[in-house]
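Enquirer: okay, predicted coordinates and the sequence, questions at the end:
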Amino acid sequence: MIYAKGAVPLIKNGVLLGAIGVGGASADLDEACALAAAQALECDME
């Protein structure tokens, strides 16, 4: 897996469901948006 800011795996109850990627702004803002989406979906946050 290639990890870059703005790409976040979606893991729930230890199961990888997929991933979300956000792009178009700064890398830090992309990452914050992707993390917020994963949190809104109630995914496991490491």
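Expert: That came in fine, so what should we check first? Numbers count the residues shown, from 1 in each chain.

Enquirer: tell me what the residue nearest the centre of the chain is bridged to.
Expert: Geometric centre of the chain, nearest residue: residue 8, 2.4 Å, by CA atoms, centre = their mean. Under DSSP bridges, the beta-bridge partners of residue 8 are residue 20.

Enquirer: against residue 25, how distant is the closest residue to residue 14 other than its chain neighbours?
Expert: Excluding the flanking residues, the one nearest residue 14 by CB to CB, 6 or more residues apart in numbering is residue 44, at 7.1 Å. Just so you know, the C-beta spots here come from the backbone N, C-alpha and C atoms, and that holds for glycine as well. Using CB to CB, to the nearest Å, residue 44 is found at 25 Å from residue 25.

Enquirer: just residue 40 next, same as before
Expert: For residue 40, the distance to residue 25 - CB to CB - is 18 Å.

Enquirer: the more surrounded of the two?
Expert: Ranked by neighbour count (other CB atoms under 10 Å), residue 40 and residue 25 place residue 25 first, with 12 against 8.

Enquirer: who touches that one in this structure?
Expert: residue 33 (CB atoms under 8 Å, 6 or more residues apart in numbering).

Enquirer: please identify the helix or strand for it.
Expert: When elements are defined using DSSP states H and E, residue 25 is found to belong to no helix and no strand.

Enquirer: now swap in the one 3 residues further on and tell me
Expert: With the criterion set as DSSP H and E, the secondary-structure element containing residue 28 is helix 27-40.
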